[in-house]
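Participant: below is the structure, and that's it, no one-letter string:
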């Protein structure tokens, strides 16, 4: 006789993700669960836990009619929203394995993941997206159903394709019998493919037990209330958002509002007015850059007020963290500065944010310090897809922006060879899908996971110091972590993207994408001081880079720079879907420019908008438009 479906009475009894949702619906059925913008109605729509669960039930019944066996894979290629969540929850409840994919990924990568995972069903946003996948030529023999949210356009020739509305309408009714599926903690809850910065993505196998353990540990570290509102814009295919911005709010009973798009994020922040924000550093870096760009053009009084606000705000933060004695003058002056400056800046983020979490990549200390000074608690954490993902995080009461905080309860860490951070605990992955050798390479028999990150552990607090695979070794024998330098350089709002190179070279060089507006102002400043032309621009860029990395040894200062205004994109194959540099792809794409930097006898410098230090650039190297950067 099959095991009955359990109904947890307390959070402690929750062992799987379907149990987590059932517990939440039973605990607060009438509370607001999700909020999304309905374009046809032109307004935001709210749904309670009870209402959303009733909607999910239709998806469960439609998916049950597909008669997929437990353990089969269901691929989800959708932007953030309740439809994505509905398919995820339907799959989980049926013992199926969601394979979330980045909605902005390129067709070749998507086709590879579909084939590698052996997905039987694909939920995709548009018919055009499906056609692009088919055009790759990848054999997808196991894929037997493609559910398309938008079938606008000519009819699909593929018999596997069905429109979402038709698929849901064909679902058996509520009175039709449906066999329950018992889901266990050791069952797979997802195969999440890594970004693939150095090669093909690997499928990380996460169990229900892995994810639930991480959710519970996060809840013990960061308190979130039922009246909190999250604004979700990071892709749900990213484990950081998946756990921190989707499953964790279910545990907390908080509302999740789905942003319409990244271009509309600024508008959505002001309308939704979230209280909690989960983001990668790039968003905070962009906002910080806008603040500093505004400072550069502000009048004298406004600039002084901002500088004073940041100075006093930083001292207040240090006093709150018990790192210095509070000042009477600071306490007296702050209410005025808060009203005149800090509140107005934070109003751009909705004005209600009480905590923001930064993860997924390192964040420069000046960026995080700016927000802390304004009174917004940004908590930097650390994790990886293979750990479900959170390993450690700072807290409001104990926040050191130079570190990634203390390890979560139930998780163990230690340092291995070359100060590599090793992690063990209930949230560590089962392994890589179909890659037992890769699994054995990173996960020891006793459960210790090799993260590939170098770290220091002081009084239980973790500081990430570098990445083993990304260490550059110059021809003079110096070892440098380029990601650290790139993070530091990106703290300057002039630089939008950075790649530091120098493996087996006599010095480091930086390839940079400049912020167009900031570059116009910089050239105007140079012209006003009588400095014009490529040599002056090159010197100014090198000076800004040197200032950004001044905390590092002199040999870690890039001595050459090549620049462009054309951004590196995911479509060109130069960034991962989580906006990390694909270092090998970038080095291949700009191989000629890099070689020219290090050429002993370079040609005479051409008069081009892209220039470089130490050695002039290839005359053709910066003439390409953005679309020509495809690798």
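Facilitator: Sure thing, it's come through. Worth saying up front: this structure is predicted, and the values here are computed from it rather than measured.

Participant: can you list the domains in this protein?
Facilitator: Using automatic domain parsing, the domain ranges for the chain come out as 11-183+222-272, 472-629.

Participant: helix or strand with the lowest mean pLDDT in the protein?
Facilitator: Ranked by mean pLDDT, DSSP states H and E, the helix or strand of the chain with the weakest confidence is strand 479-480, at a mean of 78.

Participant: what helices or strands is it leaning on?
Facilitator: Strand 479-480 is packed against strand 472-473, with contacts defined by 3 or more Cβ pairs under 8 Å, 6 or more residues apart in numbering; DSSP states H and E. Using the backbone N, CA and C atoms, a C-beta is placed for each residue, glycine as well.

Participant: try 6 Å this time
Facilitator: Packed against strand 479-480 by the contact rule (3 or more Cβ pairs under 6 Å, 6 or more residues apart in numbering; DSSP states H and E) you find no helix or strand.

Participant: need the residues that contact that strand.
Facilitator: 471-473, 556 (Cβ atoms under 6 Å, 6 or more residues apart in numbering).

Participant: swap in 10 Å and give it another go.
Facilitator: 466, 470-474, 500, 502-503, 508, 552-553, 555-558 (Cβ atoms under 10 Å, 6 or more residues apart in numbering).

Participant: let me see the mean pLDDT of the next helix-or-strand element following it.
Facilitator: Using DSSP states H and E, the next helix or strand after strand 479-480 towards the C-terminus is helix 482-490. Mean pLDDT, helix 482-490: 89.

Participant: and if you look at stretch 185-204?
Facilitator: 85.

Participant: now swap in stretch 6-22 and tell me
Facilitator: Rounded mean pLDDT across stretch 6-22 is 91.

Participant: for the stretch 201-350 of the chain, what spans make up the helices?
Facilitator: Secondary structure of the stretch 201-350 of the chain by DSSP state H, counting those that start in this stretch: the helices cover 208-221, 239-242, 248-252, 265-272, 281-297, 300-320, 328-337, 343-346.

Participant: the stretch 351-500 of the chain too?
Facilitator: For the stretch 351-500 of the chain, applying DSSP H, counting those that start in this stretch gives helices covering 365-374, 436-442, 482-490.

Participant: low pLDDT regions in the stretch 151-300 of the chain?
Facilitator: Applying pLDDT under 70 to the stretch 151-300 of the chain flags residues 153-156, 195-199.

Participant: the stretch 501-631 of the chain too?
Facilitator: For the stretch 501-631 of the chain, the stretches with pLDDT under 70 are 600-631.

Participant: all helices for it, in order.
Facilitator: 516-528, 534-548, 583-589, 591-597.

Participant: out of those, which comes closest to residue 106?
Facilitator: Of all the helices of the stretch 501-631 of the chain, it is helix 583-589 that lies closest to residue 106, at 11.5 Å by Cβ to Cβ.

Participant: show me what the closest one is packed up against.
Facilitator: strand 495-501, strand 509-514, helix 591-597 (3 or more Cβ pairs under 10 Å, 6 or more residues apart in numbering; DSSP states H and E).

Participant: so which elements touch the second one?
Facilitator: The one in question is strand 509-514. Packing partners of strand 509-514 (3+ Cβ pairs under 10 Å, 6+ apart): helix 482-490, strand 495-501, helix 534-548, strand 560-564, helix 583-589, helix 591-597.

Participant: of those, which stretch is the most buried?
Facilitator: Stretch with highest mean neighbour count among these: strand 560-564 (a mean of 25; mean count of other Cβ atoms under 10 Å).

Participant: once you drop chain neighbours, what's closest to the most centrally placed residue in the chain?
Facilitator: By Cα atoms, centre = their mean, the chain has its centre lying nearest to residue 280, at 4.4 Å. Nearest residue to residue 280 in three dimensions, chain neighbours excluded: residue 360, at 4.0 Å (Cβ to Cβ, 6 or more residues apart in numbering).

Participant: who are the contact partners of the one you found?
Facilitator: Residues counted as contacts of residue 360 (Cβ under 10 Å, 6+ apart) are 195, 234, 238-241, 244, 278-282, 381-384, 389, 578-580.

Participant: show only the entries of those residues found in strands.
Facilitator: Mapping these onto strands (DSSP state E) picks out 278-279, 381-383.
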